[in-house]
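> could you work out the structure for the sequence below:
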Amino acid sequence: MKLRTRLQRLERSLVTDRGCAACRHRRERIALMDVTQHQDGSVTYLEDAPLPCSACGQMPELIVEIVTALEDSPATACDSVPAPGATNRLL
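Residues are numbered from 1 along each chain as shown. Sure, this is the predicted structure:
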């Protein structure tokens, strides 16, 4: 086998798809996002999330969400006791 033929075969085998040229520089990056999860399951981002690529529409970064769950504080016993002099009437 000639050297030129071997070189051409090697070059053809190394051709890989590097993805969209517009977002190639953002590939394989990690974006840490602070989010708050509500009791109904909805999530609110505390900062701006990265946008998808305008050319290909894909999200090039890997998004890792750091979730903080919001819970209602439990009612304490003193919340149910009326203040002195207060009436217990329903309006």
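
> just how off-centre is the longest helix along the chain within its chain?
The residue-count maximum for a helix in the chain (DSSP state H) belongs to helix 3-14. Put simply, helix 3-14 sits 42 Å off its chain's centre (Cα atoms, centre = their mean, to the nearest Å).

> repeat for stretch 61-73
For stretch 61-73, the distance to the chain centre is 9 Å (Cα atoms, centre = their mean).

> mean confidence for it?
Taken as a whole, stretch 61-73 carries a mean pLDDT of 80.

> which stretches of this protein have low pLDDT?
The model of the chain has pLDDT under 70 over residues 15-18, 72-91.

> what segments of it are helices?
3-14, 77-80.

> give me whichever of those is most buried.
When the helices of the chain are scored by mean count of other Cβ atoms under 10 Å, the highest mean neighbour count falls to helix 3-14 (a mean of 9). The way it works is simple: take the backbone N, C-alpha and C, and place the C-beta from them, glycine included.

> who does that one touch, helix- and strand-wise?
Applying 3 or more Cβ pairs under 8 Å, 6 or more residues apart in numbering; DSSP states H and E, we find helix 3-14 packed against no helix or strand.

> you'd agree A69 is up against Q37?
Yes. The pair A69 / Q37 is scored as a contact, 5.0 Å apart, by Cβ atoms under 8 Å.

> out of those two, which sits in the busier spot?
Using other Cβ atoms under 10 Å, the more surrounded residue of A69 and Q37 is Q37, with 14 against 9.
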